[in-house]
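S.K.: have a look; sequence and predicted model below, questions after that.
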Amino acid sequence: MKDLVSIITPTYNCGKFIGETIESVQMQTYKNWEMIIVDDKSTDNTQQIVSLYCEKDKRIKYFLLNENSGAAIARTKAMEMAKGKYMAFLDGDDLWYPNKLYEQINFMEKNNYAFTCTAYEQIDEYGRLLNRVIKTIPKTSYNRLLLDCPVGNSTVMYNVEKLGKFSVPDIRKRNDDALWLRILKKEKYIYGMDKVLMKYRIRSNSISSNKMQLVKYHWKLYRDIEKLSTVRSLFHIWMWGVLKLFKFK
């Protein structure tokens, strides 16, 4: 396996975490990668920290947006810059296990899959395990993903040569879900690898920690992006709430 992997990393005010995220990429057993970090006009020390890594490792590329535009714009810019056969996604505060790229590419090539994700576990802001593993399912279709998106953003990888490049729908939150839905209009399934290869960081000040904000963004995703009917949109928001409730009981 010698194909280039482009790692797509949008970031905003992740100076506290971005160094550890970069190091989790540098520790990959699979070495042929480029990490494209697009900074959504951070106001903290993100740029200074990333610059230190860029100086020592030319595989790491940094681009600063002119204004704060949201993760969707930052992610699309990184995807435009990508040169790899494979595109993998890693947020600026999440972590990969060292064998993540190697095992996932092997999984894809062995089974001839173009679009995949893996299981992952959750950590707190300080990197402590929360003893909560989010399992994946073998095959996720467009309609299945609409229910509760059983896909961790920082676990996803797809074959660019087979599927091409995509732009990310411009919404502040759930834009990763919107991207997977867009890809699933071209590829029938995202295939799940039942192995924990990523650590997802739970941050108390994130948009995803605000449930009412999430409802708003789900509505925008269903109605404005996916053009679902009002009834179907309400159904999916209700189902999302029910599934989340049972998940955390």
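M.R.: Cool, got the structure. Residues are numbered from 1 along each chain as shown.
S.K.: span of stretch 198-216 from start to end?
M.R.: 28 Å (C-alpha to C-alpha, to the nearest Å).
S.K.: quick one: residues contacting the residue most central in space within the chain.
M.R.: Geometric centre of the chain, nearest residue: N153, 2.5 Å, by C-alpha atoms, centre = their mean. Shown in contact with N153 (C-beta atoms under 8 Å, 6 or more residues apart in numbering): F89, D91, D94, D176. Where C-beta positions appear, they are placed from N, C-alpha and C, glycine not excepted.
S.K.: phi, psi of it?
M.R.: N153 adopts backbone torsions of phi -50, psi -50, taken as degrees, to the nearest 10.
S.K.: and if you look at W240?
M.R.: Dihedral angles (degrees, to the nearest 10) for W240: phi -60, psi -40.
S.K.: what bridges to W96?
M.R.: Beta-bridge pairing of W96 under DSSP bridges involves M198.
S.K.: just checking, V38 is part of a strand?
M.R.: Yes - checked against DSSP: H, G, I helix; E, B strand; the rest coil, V38 lies within a strand.
S.K.: so who does it touch?
M.R.: T9, P10, T11, F63, L64, L65, A74, R75, K77, A78, M81.
S.K.: closest one to V50 out of those residues, please.
M.R.: Among the contacts of V38, T11 lies closest to V50 (C-beta to C-beta), at 7.9 Å.
S.K.: ok, now how distant is the closest one from R201?
M.R.: Separation of T11 from R201 (C-beta to C-beta, to the nearest Å) stands at 13 Å.
S.K.: compare the two (neighbour count), which wins?
M.R.: Neighbours around T11 and R201, counted as other C-beta atoms under 10 Å, are more numerous at T11. The numbers are 25 against 22.
S.K.: mind checking the SS state of the nearest residue to that one once chain neighbours are set aside?
M.R.: Nearest residue to T11, sequence neighbours excluded (C-beta to C-beta, 6 or more residues apart in numbering): G92, at 3.2 Å. On the three-state scheme (three-state DSSP), G92 is labelled coil.
S.K.: can you redo the contacts of V38 as CSV with distance to S24 and secondary structure?
M.R.: Shown next, in CSV, are the contacts of V38 (distance: C-beta to C-beta, whole Å; DSSP: H, G, I helix; E, B strand; the rest coil):
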residue, distance to S24, secondary structure
T9, 11, strand
P10, 16, strand
T11, 14, strand
F63, 20, strand
L64, 22, strand
L65, 24, coil
A74, 19, helix
R75, 19, helix
K77, 22, helix
A78, 17, helix
M81, 21, helix
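S.K.: could you single out the nearest of those to D57?
M.R.: Proximity of those to D57 (C-beta to C-beta) peaks at T9, which lies at 13.6 Å.
S.K.: can you report how many residues lie near the closest one?
M.R.: Neighbours around T9, by other C-beta under 10 Å: 29.
S.K.: contacts only, for it.
M.R.: Going by C-beta under 8 Å, 6+ apart, the list of residues near T9 reads T21, M35, I36, I37, V38, A78, F89, L90, D91, G92.
S.K.: what about 10 Å?
M.R.: 18, 21-22, 25, 35-39, 50, 60-62, 74-75, 78, 88-94, 154 (C-beta atoms under 10 Å, 6 or more residues apart in numbering).
S.K.: can you check L95 too?
M.R.: Counted by C-beta under 10 Å, 6+ apart, L95 has contacts 17, 20-21, 23-25, 27, 120-121, 123, 127, 154, 198-201.
S.K.: quick one: least confident of the residues you listed?
M.R.: Least confident entry in the contacts of L95, by pLDDT: G127, with 93.
S.K.: now do the SS call for that residue.
M.R.: Going by three-state DSSP: G127 is coil.
S.K.: this structure: strands as residue ranges?
M.R.: Along the chain, the segments classed as strands by DSSP state E run 5-11, 33-39, 60-64, 86-89, 95-96, 115-123, 129-134, 139-140, 157-159, 190-201.
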